[in-house]
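[1] missing the sequence, but the structure's below:
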């Protein structure tokens, strides 16, 4: 606690639960799951230095199929963020996120995995890394729906067998 700022400049640095991020590659919606651009896939991401606006520790981009397997540092946007604008994202903790299930309901404590389309899904497949648990029941969310989840985009949870 001594000598540390209350708020970081931008980016994840020491993985605060709610960093300021910059949306790259398009607008982001409230509850959308994104990943930090550590692989520097966006042209605006040129390094991975803490606090740099061009850093993969600051810029968030679309998920890839690898995110479902737990690769990358994920976050949930707390509000709509315009392309190349700043906003807050939750890296871990309780947050309102987009959830979906192809059929049926999501029950309290159901495990959720990241889907390439930017939401959490209860449709689990072998090899998926669980990154969240439902904190409320959701009736028939066949399209992405906002719901409270316990989210961990840094460590994730167990792998689905």
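    That came through, no problem. Note that the coordinates shown come from a computational prediction; the quantities given were computed from them, not determined experimentally. Residues are numbered from 1 along each chain as shown.

[2] Now do the same contact list for the nearest residue to residue 107 once chain neighbours are set aside.
    Computed as C-beta to C-beta, 6 or more residues apart in numbering, the closest residue to residue 107 that is not its neighbour in sequence is residue 137, at 5.4 Å. (Glycine included, C-beta is placed from N, CA and C.) Residues near residue 137 by C-beta atoms under 8 Å, 6 or more residues apart in numbering: 105, 106, 107, 108.

[3] The first one and residue 81, how far apart?
    Right, the one you point to is residue 105. 30 Å (C-beta to C-beta, to the nearest Å).

[4] Can you give me the buried ones in stretch 136-148?
    138, 141, 144, 145, 147 (16 or more other C-beta atoms under 10 Å).

[5] Endpoint to endpoint, that stretch covers what distance?
    6 Å (C-alpha to C-alpha, to the nearest Å).

[6] for stretch 133-146, same thing?
    By C-alpha to C-alpha, one end of stretch 133-146 lies 14 Å from the other end.

[7] Of the buried residues of stretch 136-148, which is the nearest to residue 93?
    residue 147 (14.8 Å; C-beta to C-beta).

[8] quick one: the closest one from residue 117, how far?
    16 Å.

[9] from the buried residues of stretch 136-148, which two are the most distant?
    Longest span within those, C-beta to C-beta: 138 and 144, 10.6 Å.

[10] which residues are in contact with both of these two?
    With C-beta under 8 Å, 6+ apart, residue 138 and residue 144 have common neighbours residue 99.
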